[in-house]
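[1] Take a look and give me a structure for this.
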Amino acid sequence: MLYIISTPIGNLGDITLRAIETLESLDILLCEDTRKTGILLQELKIANKPKLISFYDEVERQKIPQVVCWLKEGFEVGLVTSAGTPLLSDPGWLLVKKCRELGLKYTAIPGASAVINALILSGLPMQRFSFLGFLPKKDRERKKILEKYKMVEGVKVVYESPNRLEKLVGEIKETYGKEAQIRICREMTKKFEEIKNDWDGDMRGEEVVVFI
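    Next up, the predicted model:
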């Protein structure tokens with residue numbers, strides 16, 4: 001069976017009991033980053049030693065046949081991303097799609113999600129929202145998506161790296177108007193968690209931007 005396992009986005013205490021129980025029972029663990037996952041297993045004091053297999057966007061398609069073979073042979077296979085919930089701007093969708101096509105069993109072990117956490121911390125109305133993931137790097141394509149979602153009701157959530165954050169905030173204001181409400185969430189669940197209303201030139205790490 002395939003287990004899609006959510007892991008903490010920062011604070012180790014956010015791991016669920018069910019996730020720990022699952023990690024203790026796996027034969028194989030597909031990882032976006034085997035080094036980071038290995039460290040996580042050590043920090044969680046997981047006694048089980050599943051075989052760690054590198055499984056990121058660029059290799060997902062080519063590794064699916066092998067994963068399917070393992071599942072058909074009865075191995076317990078887990079899937080984790082470096083942080084948070086797999087498939088959300090992370091690898092795994094193609095594998096789940098293939099499992100559905102072949103009738104292979106799979107389930108999700110829910111837990112931390114940067115998208116939901118940022119929405120809650122933003123203080124913006126979250127009855128309806130759109131998740132845009134990482135926007136394209138090319139200006140024209142990025143602005144096209146921002147324009148498209150301007151007509152969609154509700155807040156929008158975007159992942160962005162610090163070196164492109166200032167530019168993104170400027171594009172949001174240009175597209176949605178200077179009155180657009182923007183929240184920049186960083187270091188969520190950690191000691192120095194911050195939620196800012198605008199770019200101030202002091203951002204580090206991967207940020208989540210929520211705007212309306």
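
[2] buried sites along stretch 88-97?
    Leu88, Ser89, Asp90, Pro91, Gly92, Leu95, Val96 (16 or more other C-beta atoms under 10 Å). Yep, even glycine has a C-beta here, placed from its N, CA and C like the rest.

[3] Pick out the least confidently modelled helix or strand of the protein, by mean pLDDT.
    Lowest on mean pLDDT, DSSP states H and E among the helices and strands of the chain sits strand 207-211, with a mean of 82.

[4] which outside residues touch that strand?
    Outside strand 207-211, the residues within contact range by C-beta atoms under 8 Å, 6 or more residues apart in numbering are 114-115, 117-119, 122, 124, 155-162, 165, 168-169, 172, 176, 180-186, 188.

[5] quick one: that strand to chain centroid distance?
    13 Å (C-alpha atoms, centre = their mean, to the nearest Å).

[6] same deal with stretch 57-66?
    Using C-alpha atoms, centre = their mean, the offset of stretch 57-66 from its chain centre is 19 Å.

[7] residues contacting the spatially most central residue of the chain?
    What sits nearest the mean C-alpha location of the chain, by C-alpha atoms, centre = their mean, is Leu88, with 4.5 Å. By C-beta under 8 Å, 6+ apart, the contact list for Leu88 reads Ser113, Ala114, Val115, Phe131, Gly133.

[8] List buried residues within those residues.
    Using 16+ other C-beta under 10 Å as the burial test, the contacts of Leu88 include Ala114, Val115, Phe131 as buried.

[9] can I see the domain layout of this protein?
    2-109, 114-211 (automatic domain parsing).

[10] Three-state assignment for the nearest residue to Phe55 once chain neighbours are set aside, please.
    What sits nearest to Phe55 in space, not counting adjacent residues and going by C-beta to C-beta, 6 or more residues apart in numbering, is Leu30, at 3.7 Å. At Leu30 the chain is in strand, as set by DSSP: H, G, I helix; E, B strand; the rest coil.

[11] ok, now how distant is Leu30 from Leu44?
    17 Å (C-beta to C-beta, to the nearest Å).

[12] what about those two, which has more around it?
    Leu30 (31 against 16; other C-beta atoms under 10 Å).

[13] Enumerate every residue touching that one.
    Ile53, Phe55, Lys63, Val67, Val77, Gly78, Leu79, Val80, Leu95.

[14] Roughly how far does it sit from Asp57?
    Leu30 is 12 Å from Asp57, by C-beta to C-beta.
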